[in-house]
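**Student:** here is a sequence with its predicted model. Questions after.
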Amino acid sequence: MANTNKPPVLVVLQLTGGNDYFNTVIPYTDGNYYDSRRSLGISENRVLKLDDELGLHPAMAPMKDIFDKGDMAVIHGIGYENSPRSHFRSMDIWHTCEPDKVGTEGWLGRALKQIDPNSENPVTGVNVGQALPRALVAPGVSVASVADVSTYGLLTNIEQEQQRQQVLERFANMYGPAVGSGQVMEYLGQTGLDALKGADILKVAPNQYESSVEYGASPIAQKLRDIAMIHTADVGTRVFYTDHGSFDTHAAQATTHAQLWTDVSEAVADFWDDLREHDADDNVIMFMFSEFGRRVRDNGSGTDHGAAGVAFAIGPNINGGFYSEYPETRAEALQQGDLVPNQDFRGVYSTVLEDWMKLDAPSVVNGQFEAPAFIHTNGGSH
Amino acid sequence: MSNREEIALLAHLMRRAGFGATRDELEAMAEQGYEATVEHLLDYENQPPVDEYTLYRYHPITEVPGGAAAPGQANWLYFMVNTQRPLNEKMALFWHHVFATGNAKVDNCNHLLEQIQMFRDVGMDNYRELLVRLASNPAMIYWLDNNENHKIAPNENWGRELLELFSLGVGNYTEQDVYECSRAFTGWTISAKMPRYPYGRHPWQFEYRAEDHDETDKSFLGYTGNFNGEDIIDIILKQPACPNFIVRHLYNFFVEDEPQVPAWNIEQPRNPDAIRVLAQTFVENDYDIKPVLRVLFNSDFFKDAMYKKVKNPTEVVVSTLRLTGDLQGPDPRLEAVAREPGYMGQDILDPPSVEGWHTGHEWINSGSLVKRVNFVADRISDTNLPGVQRIVERIAGANGATMTPEEFVENCLDQMGPLPVSDQTRGELLSQAQSEGTVDWEGSYDDSARRTGEMLALIGATREYQFG
Amino acid sequence: MLTTTVSGRTWNFSHAIGRNAAAGNGFTQPTDVAVAPGGVLYVLNRGQEGAGGVQAPNKRIGKVTITEEFIGDFAREELVWPMSIAVDSAGNLYCTDEYDKKIKVYDADGINAGEWNGDGNLGSPSGIACDADDNIYVTDADSNEVKKFSSDGKFLASFGGAGSAPGKFNRPWGITIGADGSVYVADWGNNRAQKFSADGEHIATYGEETSGPAGALNHPSDIAVDSEGDVYVSDWGNKLVKIYENDGPVLTQLEGDAIEFSKWAKEVVESNPDVVKAYRRVKDTRSLGLFNRPVGIAVDEDDNIIITDSTRGRLQVYAKEKDYMDPQFNL
């Protein structure tokens, strides 16, 4: 934990669509890799080598720099048993920690409930994007969903400020708790009140923000810049969520996957530069995941849905290096042609929740799981 | 049934089977009666189609938007706002929810619009025909990689989604069935098209390549034979899961919000009897779609489902435009307004994945609620818009030269639905009305019109108005 | 086919001009072309609506030569719904803006020379043409009339009116003035074109045949006439150009023949090896040359017929050949 009194902040970056683990962290000395990736295999001389066996996709140079500094944990073989290989279902499982039934509560929603039990700050959780992911949904938890932090407000058609205030007051009363009106009505009521309060708080962020970092034009760069803007405004946000995609590379993967990682790696590096410039990096970690990895053998131009994937944790408080193990790539060791997960994602969540956020993990992830220790425990970043 | 109840029921029908209706339109429908109105909606062929020539004369780019989503969305928005075949257009939106195909990958709105037109053409006819057309639709083939599905290297994307999302649902097939199904669709591909450079896009064409089709036997859902794609569809249609799955989609879209689709093999339908009746109708009519819609819209469960569904963003945008008379015909703002459903969480022609959108209350979050409320308020408070002027006229003529705040609120709620609201909501609307006292139509019509616009906007901002 | 011969007349496909591009030596939805002295062509780019819903930068007027030299472009961010252009004897250019209800005027250097609203007589100004005395004729798609103005916008006369009877219009679009002052109008909504005397007397109708070599017109967008009186109509709805004898009967149709790349288009292809490969795997490249929404049409003093092939972002040029001799059939 950082040697400051700043509360820990988590930034989650979801790689939507199923990122191809095998071509992200490449076992470049493994003959099985080249045998099964006949059209998509990346030759050893192009791989960005992390050690004697593994290297990153060539488009990930900015993230290799972070790894080399010791600020990036690579968590191998992440997933869960009996992966359904379906986007929505798998994403729901990651979001809810409910592999056996369809859950409606998100793990971060439950975490936010612990952080801010009475929902006193409607921007304790902020989603940067159009639609609120289920990971952030929990009863009584308010999360601001912000498409663009620079324009945000309610009933902006009323020009006269005094009149608008009066109408907004009525709006607040209309959306106030209504006993017995049913779950959906109550959800809407809370959402309306959150929208109102969140807008008031967030309108300060763009006004305060100044930075020498020039983010790229990609959507993920703009989203991470918005997160930096809100984080540096110090409005009490503890969990940020955003996403990028689609990583669903069934075809034409060579070019698509390279572009995706170029955009993500550059945006992530810019984000951390920005936070460092504001002396606002030491209480933040970033967690990146995808709903599944992809099939070991390519289909000629792409890869189909698979099982085990890779996650990354990044920040000055991360104890960089490899965690868990690369799943076996021998044909006999595969299940339905897929790498077999050997690190339950709920264990990784547990590390984030307990070691970083200082929360009770089992109640959030629904159980005890082996939790890799990728957070610095010596109380100081290097 | 009182006239007011009849109007309320017709308004309900039009919100679900179309994109709402003005009070003038509802009164004309009341003359015909409810059942006749349902028939009128079903027999959409009796109404003229949208005049595409006018759209393309004034918005030529919307005919060939290419990879740009906004002009493609503008094309469809124009159809939805201007159509005289509202149910036909609503069914196209329904199939887009189910057979969700996205520009994020297809990168070609020309072909996404072609798919939507296919939904208009056959989306109310027969489900078997629709599946066959879907399997040979170029946008779908590219979206789910069937052009990469080869005899020597099957690609399972289309095969899997056909079973999981387009016909049966999870739990009604095995992994082996996915594989066999995929093999049966090998050779269903698209011909090489000329590149988009330097003269713009050329169309894809469906192509069946016999030499790339796997002619060996397939064992699929208990049947074995040298099946081709259409055989697979016929076997799918024999599964009891199939009619149940599709009519549950219809129920979810037209009647009442169900849990999200991934939960369907775990959670029972809200109304199993309704699903049974609809599924039976579907099978008895050889998967013809219109008979199911006829039963659905005339059913008690439909009539009892008033305001039980959260409006999807497209409904919010289109019904507001149709009610207020904004953006009728060609308009330079067409592309800008076409982005609005996306801001509220529904990028038409670009669903987040093949599983479509999470619907119901998941449409609403603090961000999308802000967008919904603001979109409606900006228009319904604009007394220059013809539809708003007409509403104001009706309220002004409702009962005399002056109106108490109570009467004023009742009349505004009536015009916005009629919309039933909680006491809590009514109390706040009343406080707002009372803050400016009696409404004096004779003494100051313009000021009363302004007040009306503001009251309509506040009603549009209520929780109740988020339902349709 | 590159050469079309009927009834003693021959049209040879000559070349294409331009490529699909939002700036420079390319066009974005070119909807009209006007001929200026010295082989100069003005090309009106309809473009698309801007994100804010008003003038977008790719709505512009390009200036090129008929031999495909790029001279420049102008009127960026000044047009909302530009529909047609015309050039007067002094080289000034007039552009209708159907949304702004104005005629926007530019001098021969493309400098904005003001605008006029025709004394408030422009409900929906669509097509535009100049006569020999520099009077400006405008089709008004709103009032369904042809309106005549002085070059500075004074309202002079009108004829027409809504309807489908001879002499009536339904959202008329393109218009041209013959050498003798007669007025030709593309009667868009009535699926026909009509000829009038200078004072509006109905003389002929084109496109009413429902059979024959061409069939009926479908929402024709523009019309032009050559030195011998043959009439060319952009059959926008059918993606064809139809050719008529002056008194009405149809002669033939052109489908578009730009199979060879234009000069500018060739540059794009040659710098993209993947595009070259992509063309090689196409079975039939015939459709490359076809019109895809021909909109504007003009005839220059050498009887070159110039058509804006809007969706393809190019012009197609045909030369009407005099004294053509057929090759023998058994070559």
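**Tutor:** Arrived safely.

**Student:** pick out the residue closest to the middle of chain C.
**Tutor:** For chain C, the residue nearest the mean C-alpha position is residue C:296 (1.6 Å; Cα atoms, centre = their mean).

**Student:** helix/strand/coil for that residue?
**Tutor:** strand (DSSP: H, G, I helix; E, B strand; the rest coil).

**Student:** touching, it and residue C:32? I think so.
**Tutor:** Yes - Residue C:296 is within contact range of residue C:32, at 3.4 Å (criterion: Cβ atoms under 8 Å). C-beta coordinates here come from the backbone N, C-alpha and C atoms, glycine included.

**Student:** and for these two, which residues touch both?
**Tutor:** C:44, C:84, C:174, C:222, C:308 (Cβ atoms under 8 Å, 6 or more residues apart in numbering or on different chains).

**Student:** number of residues surrounding residue B:141?
**Tutor:** When neighbours are defined as other Cβ atoms under 10 Å in any protein chain shown, residue B:141 has 25 of them.

**Student:** how about it, secondary structure?
**Tutor:** Under three-state DSSP, the three-state class of residue B:141 is helix.

**Student:** before we move on, back to that, OK, contacts around the residue nearest to the centre of chain C?
**Tutor:** Contacts of residue C:296 were listed using Cβ under 8 Å, 6+ apart, and they are C:30, C:31, C:32, C:33, C:44, C:84, C:174, C:221, C:222, C:234, C:307, C:308.

**Student:** for stretch A:209-220, what is the distance to the chain centroid?
**Tutor:** 19 Å (Cα atoms, centre = their mean, to the nearest Å).

**Student:** how's the chain carved up into domains?
**Tutor:** If you meant another chain, say so; for now it's chain A. A:9-150+A:212-365, A:153-202 (automatic domain parsing).

**Student:** that was the other one, I meant chain B.
**Tutor:** B:3-42, B:46-303, B:386-466.

**Student:** in the first one, what's buried?
**Tutor:** The reference is to domain B:3-42. Going by neighbour count (16 or more other Cβ atoms under 10 Å in any protein chain shown), the buried part of domain B:3-42 is B:6-23, B:25-26, B:29-30, B:34, B:37-38, B:41-42.

**Student:** among those residues, which lie within strands?
**Tutor:** Secondary structure from DSSP state E places none of those in strands.

**Student:** any regions of chain A where pLDDT drops low?
**Tutor:** Regions of chain A meeting the criterion pLDDT under 70 cover residues A:1-4, A:88, A:101-104, A:130-131, A:151, A:250-252, A:300, A:378-382.

**Student:** all strands of it, in order?
**Tutor:** Ranges of strands in chain A, per DSSP E, are A:9-16, A:25-27, A:48-49, A:54-56, A:72-79, A:125-128, A:143-146, A:239-245, A:284-290, A:309-314, A:321-323, A:343-344.

**Student:** same thing with the stretch 301-450 of chain B?
**Tutor:** Assigned by DSSP state E, counting those that start in this stretch, the strands in the stretch 301-450 of chain B fall at B:402-403, B:439-440.

**Student:** mind listing what residue 58 touches?
**Tutor:** All of this is about chain A. A:42, A:46, A:47, A:48, A:258.

**Student:** not quite, go with chain C.
**Tutor:** By Cβ under 8 Å, 6+ apart, the neighbours of residue C:58 are C:22, C:23, C:28, C:45, C:47, C:48.

**Student:** list the contacts of residue 140.
**Tutor:** Since no chain was named, I'll use chain A. With contacts defined as Cβ under 8 Å, 6+ apart, the neighbours of residue A:140 are A:113, A:119, A:190.

**Student:** not quite, go with chain B.
**Tutor:** Counted by Cβ under 8 Å, 6+ apart, residue B:140 has contacts B:99, B:101, B:115, B:134, B:146, B:158.

**Student:** equivalent analysis for residue B:77, please.
**Tutor:** Residue B:77 touches B:317, B:318, B:327, B:334, B:337, B:338, B:348, counting by Cβ under 8 Å, 6+ apart.

**Student:** neighbour-wise, which of those residues leads?
**Tutor:** residue B:317 (31 neighbours).

**Student:** residue contacts, it?
**Tutor:** By Cβ under 8 Å, 6+ apart, residue B:317 lies in contact with B:77, B:337, B:340, B:341, B:344, B:375.
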